[in-house]
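**Student:** structure for the following, please:
(2 chains)
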Amino acid sequence: GAGVSQTPSNKVTEKGKYVELRCDPISGHTALYWYRQSLGQGPEFLIYFQGTGAADDSGLPNDRFFAVRPEGSVSTLKIQRTERGDSAVYLCASSRRTSDFNEQFFGPGTRLTVL
Amino acid sequence: AQTVTQSQPEMSVQEAETVTLSCTYDTSESDYYLFWYKQPPSRQMILVIRQEAYKQQNATENRFSVNFQKAAKSFSLKISDSQLGDAAMYFCARGQGGSEKLVFGKGTKLTVNP
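**Tutor:** The predicted model follows:
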């Protein structure tokens, strides 16, 4: 497909479990972003990749959260020892880095529910 | 923290009429960008319109236009000739040149009444 895809669409897990959320960016987009959207809120920035490296991970809430992008395309957001407060929609976006303006194209998100 | 504020949690408009959604923001930078995103129930964020802070002219995209007041740090969205398909959550966001993250407001839920 032409857009950003995310899998799974929905994930239900139990408190304390480990989860992985996957993002497939638009082909050719070098920049990839993860956001978290809690109920009734706007998306909050988590991490930004330029190529394979994390250029800004200042939004990761704690060391239970980790993200990788080993080949500069697909990215995985990993959450260890999940807590009920981690329940949210996790959005991924990608952009073709231009000189200044970064129009971000979003995927449909993964809804994570921690029971 | 540099924030984006949307003071209207919900708005409603009659089909074919005009509605304005408000947004104010805080930044200490002179180089930045402003965006309005639409999020329907499908969850996918769709870019509606963008504005570069260095441009004085207000951006327009078909039925969507903005009123950008840089000194007041205000960035409102006007939707003309509202359609049923415009019903969604609308988020105002700020990005900065050289910084890749977007900072979003809490959103405004727009209802379009037939």
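
**Student:** when you work out contacts or count neighbours from here on, use the C-alpha atoms and nothing else.
**Tutor:** Noted.

**Student:** give me the neighbour count for A:N62.
**Tutor:** The criterion is other Cα atoms under 10 Å in any protein chain shown. On that basis, A:N62 has 9 neighbouring residues.

**Student:** repeat that for the one 5 residues further on.
**Tutor:** The burial metric for A:A67, expressed as a neighbour count using other Cα under 10 Å, is 21.

**Student:** likewise A:E20?
**Tutor:** Neighbour tally, A:E20, other Cα under 10 Å: 15.

**Student:** name the SS class of it, please.
**Tutor:** Reducing the assignment at A:E20 to three states with DSSP: H, G, I helix; E, B strand; the rest coil gives strand.

**Student:** how about stretch A:59-79, which residues are buried there?
**Tutor:** Going by neighbour count (16 or more other Cα atoms under 10 Å in any protein chain shown), the buried part of stretch A:59-79 is A:59-60, A:65-69, A:72-79.

**Student:** ditto for stretch B:50-70
**Tutor:** Buried residues in stretch B:50-70, counted by 16+ other Cα under 10 Å: B:50-53, B:59-60, B:64-68.

**Student:** show the pLDDT at the spatially most central residue of chain B.
**Tutor:** Centre of chain B computed as the mean C-alpha position; nearest residue by Cα atoms, centre = their mean is B:W36, 3.2 Å away. We have a pLDDT of 97 for B:W36.

**Student:** what helices and strands are in contact with the lowest-mean-pLDDT helix or strand in chain A?
**Tutor:** Using mean pLDDT, DSSP states H and E, strand A:53-56 stands out as the lowest-scoring helix or strand of chain A, at a mean of 90. Taking 3 or more Cα pairs under 8 Å, 6 or more residues apart in numbering or on different chains; DSSP states H and E as the contact definition, the neighbouring helices and strands of strand A:53-56 are strand A:44-50.

**Student:** report the distance from the strand it packs on to the chain centre.
**Tutor:** How far strand A:44-50 lies from its chain's middle: 8 Å, per Cα atoms, centre = their mean, to the nearest Å.

**Student:** hmm, back to that, quick one: which of the buried residues of stretch B:50-70 is nearest to B:P114?
**Tutor:** Taking Cα to Cα as the measure, B:F64 is the one of those closest to B:P114, at 19.3 Å.

**Student:** how about the contacts made by that closest one?
**Tutor:** Contacts for B:F64 (Cα atoms under 8 Å, 6 or more residues apart in numbering or on different chains) come out as B:48-49, B:77-80.
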